[in-house]
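Student: heads up, no residue letters with this:
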């Protein structure tokens, strides 16, 4: 069997039974069920997340899209009695058998409400690098600037890096959180309704930012805002009552959905 | 106005006055004690009180320098026992505890908080004084330290719980281990509350007398090291107040004033820290 270098790297770490992992695929879930205690929240989800693309997950409240997102970096583990069944792969590796700390370094997350640490702007960005053992100030300073530039925040904060992150506006705080997640150079970034607490102008800035970050990492965004999905995402998945109803290119989902439920939702007939 | 209406108004006014009176009693007790101590203690308080050793019976003058330093040493020892155990125990309850064991720990902590201080003294007496055959600062420090644990545990737990879960998730999502998240994000965010709790427990045990009577005992001279009987302000007050000498009574008042001042400063300082607590981000 002839392998590319990319494939041989991933298959070397993957279980022997896994077939060669396509290089344009970042993550894949198959037959994924999820339970909160005795209550089932997800039913047999199968979904592929392509490298360097933005995948949006839409659906009404409580449909399981955030639950699914929180499986991808195993954040569900903070909830007692939460239990997935099924398979999720990251570059051909089963995420449930990876070390959780290592997995979260590779798959970052941005939350619904901006959650900067009660530290300075600099220390917020440097946090993830410091816990990874980087402590040379010059290296940290470079990384902080690079991350803030990527998050389009550098120009606004470069003169106040040592001020508290709480002094920033809500939109700036959310871009700070994105910069903080980017600083550890994750392969994928999960965004859980990152604009739901922001006004339209701050939202537009974040959307532009996500678009520019596509070359840097793969993104999965959960959103309530269908226009947002249509604007930023390459692929869109529609969730309803714990099931993935439809998954396709964003244009297809929004123009010619195959399923009646999808059409009803995106045309605003429910949800 | 009917009788019922007048009766209702009377009961209303009567109960209002009664509750107000009780509130007034509560407040005035503190000011009564303060005033009394200031009056009698202030008269006997002078520079020598802070710098001199106690004088033999019959000689006037002298001070309680050894007891002030002794109380400081005992509180230091107590902190070495109570602060780490209390804080780390609180961290366990707030961050790592499961259901059953945490319930047991929390319940036990509350019971421990209710154990009479003299029983704590017997405990330290049994495990340190008896085997060593003499009173010591170590035994007194242990007794006070054990008394600090319950309040330190509960205030630490409360402060950590007030830190929003979103901060923990933010750190965990960066690939930070649970302990590092607690140590570098959650504990710094809760530090004011934790320090406040420690100060309140210190203020509380600073005035304890019973557990010291048969552990640290007392000492009329400087005690070097940690292995000898040591003087402390509460025990000095006790000894001097029940002695039949007027001069000693005056010294006891002065010691009471100094002790109360220390405790009040710690309490007020702790409350100032709390009121300037951090808020977490924008709503």
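Tutor: Looks like it arrived, so ask away. From a predicted model like this one, the values you see are computed outputs, not experimental measurements.

Student: domains in chain B, as residue ranges please.
Tutor: According to automatic domain parsing, chain B is divided into the following domains: B:3-44, B:47-275.

Student: which residues in the chain form helices?
Tutor: Using chain A. For chain A, the helices defined by DSSP state H cover A:5-13, A:65-72, A:100-106, A:121-131, A:137-150, A:154-157, A:170-183, A:200-213, A:226-232, A:250-255, A:260-266.

Student: ah, no, chain B please
Tutor: Counting by DSSP H, the helices of chain B are B:3-44, B:47-51, B:65-91, B:100-114, B:117-124, B:130-132, B:137-161, B:165-172, B:178-181, B:187-206, B:210-213, B:233-241, B:246-275.

Student: is chain A contacted by the last one?
Tutor: Spelled out, it's helix B:246-275. No - judged by Cβ under 8 Å from any Cβ of the partner chain, helix B:246-275 and chain A are separated, with a smallest distance of 15.3 Å. (Glycine included, C-beta is placed from N, CA and C.)

Student: so that helix versus helix B:137-161, what angle?
Tutor: Helix B:246-275 and helix B:137-161 are oriented at 20 degrees to each other (axes from the mean of the first three to the mean of the last three Cα atoms, to 10 degrees).

Student: average pLDDT for helix B:246-275?
Tutor: Helix B:246-275 shows an average pLDDT of 87 in the prediction.

Student: ditto for the shortest one
Tutor: The average of the pLDDT scores along helix B:130-132 is 92.

Student: from residue A:21, how far off is the residue in chain A positioned nearest to chain B?
Tutor: Residue nearest to chain B within chain A: residue A:105 (3.2 Å; Cβ to the nearest Cβ). From residue A:105 across to residue A:21, the span is 20 Å (Cβ to Cβ, to the nearest Å).

Student: how about the residue in chain B that chain A sits nearest to, phi and psi?
Tutor: Residue nearest to chain A within chain B: residue B:175 (3.2 Å; Cβ to the nearest Cβ). Main-chain torsions, residue B:175, degrees, to the nearest 10: phi 80, psi 50.

Student: I'd say it and residue A:109 touch.
Tutor: No - applying Cβ atoms under 8 Å, one finds residue B:175 not in contact with residue A:109, separated by 10.2 Å.

Student: where are the low-confidence patches of the chain?
Tutor: Picked chain A for this. Where chain A drops to pLDDT under 70, the residues are A:1-19, A:270-271.

Student: looking at chain B here, not the other one
Tutor: Scanning chain B with the threshold set as pLDDT under 70 gives B:275-283.

Student: if we go to 50?
Tutor: B:281-283 (pLDDT under 50).

Student: what about the residue nearest the centre of it, distance to residue B:64?
Tutor: Centroid-nearest residue in chain B, with Cα atoms, centre = their mean: residue B:204, separated by 1.7 Å. According to Cβ to Cβ, residue B:204 and residue B:64 sit 21 Å apart.

Student: same deal with residue B:229?
Tutor: Computed as Cβ to Cβ, the residue B:229 to residue B:64 distance reads 15 Å.

Student: between the two, who's got more neighbours?
Tutor: Between residue B:229 and residue B:64, counted using other Cβ atoms under 10 Å in any protein chain shown, the more crowded position is residue B:64 (27 against 21).

Student: surely that one is in contact with residue B:55?
Tutor: No - contact criterion Cβ under 8 Å: residue B:64 and residue B:55 do not qualify, at 10.7 Å.

Student: show me which residues of the stretch 151-271 of chain A sit near chain B.
Tutor: Where the stretch 151-271 of chain A comes near chain B, counting by Cβ under 8 Å from any Cβ, the residues are A:166, A:169, A:170, A:173, A:177, A:180, A:181, A:184.

Student: at 6 Å what do you get?
Tutor: Proximity of the stretch 151-271 of chain A to chain B, by Cβ under 6 Å from any Cβ of the partner chain, involves residues A:166, A:170, A:184.

Student: for the first one, the count of nearby residues, please.
Tutor: Right, the one you point to is residue A:166. Using other Cβ under 10 Å, the number of residues around residue A:166 comes to 18.

Student: and for the last one?
Tutor: Neighbours of residue A:184 under the rule other Cβ under 10 Å: 23.

Student: contacts only, for the closest residue to it other than its chain neighbours.
Tutor: Closest residue to residue A:184 apart from its sequence neighbours, by Cβ to Cβ, 6 or more residues apart in numbering or on different chains: residue A:128 at 4.1 Å. When contacts are counted by Cβ atoms under 6 Å, 6 or more residues apart in numbering or on different chains, residue A:128 is found next to A:183, A:184, B:174.

Student: and the second one, how far from residue A:90?
Tutor: For residue A:184, the distance to residue A:90 equals 15 Å [Cβ to Cβ].

Student: residue A:177 touches residue A:109, doesn't it?
Tutor: No - the criterion here is Cβ atoms under 6 Å, and residue A:177 misses it with residue A:109 at 9.3 Å.

Student: tally of neighbours for residue 176?
Tutor: With no chain named, the answer covers chain A. Residue A:176, neighbours per other Cβ under 10 Å, totals 25.

Student: if you could check chain B rather than the one you did, that'd help
Tutor: Neighbourhood size, residue B:176 [other Cβ under 10 Å]: 25.

Student: same check, this time on residue B:140
Tutor: By the criterion of other Cβ under 10 Å, residue B:140 has 36 neighbours.

Student: excluding chain neighbours, what is closest to residue A:27?
Tutor: Nearest to residue A:27 is residue A:49, by Cβ to Cβ, 6+ apart, at 4.1 Å.

Student: thought that neighbour was touching residue A:26?
Tutor: Yes - here residue A:49 lies in contact with residue A:26, judged by Cβ under 6 Å, at a distance of 5.0 Å.
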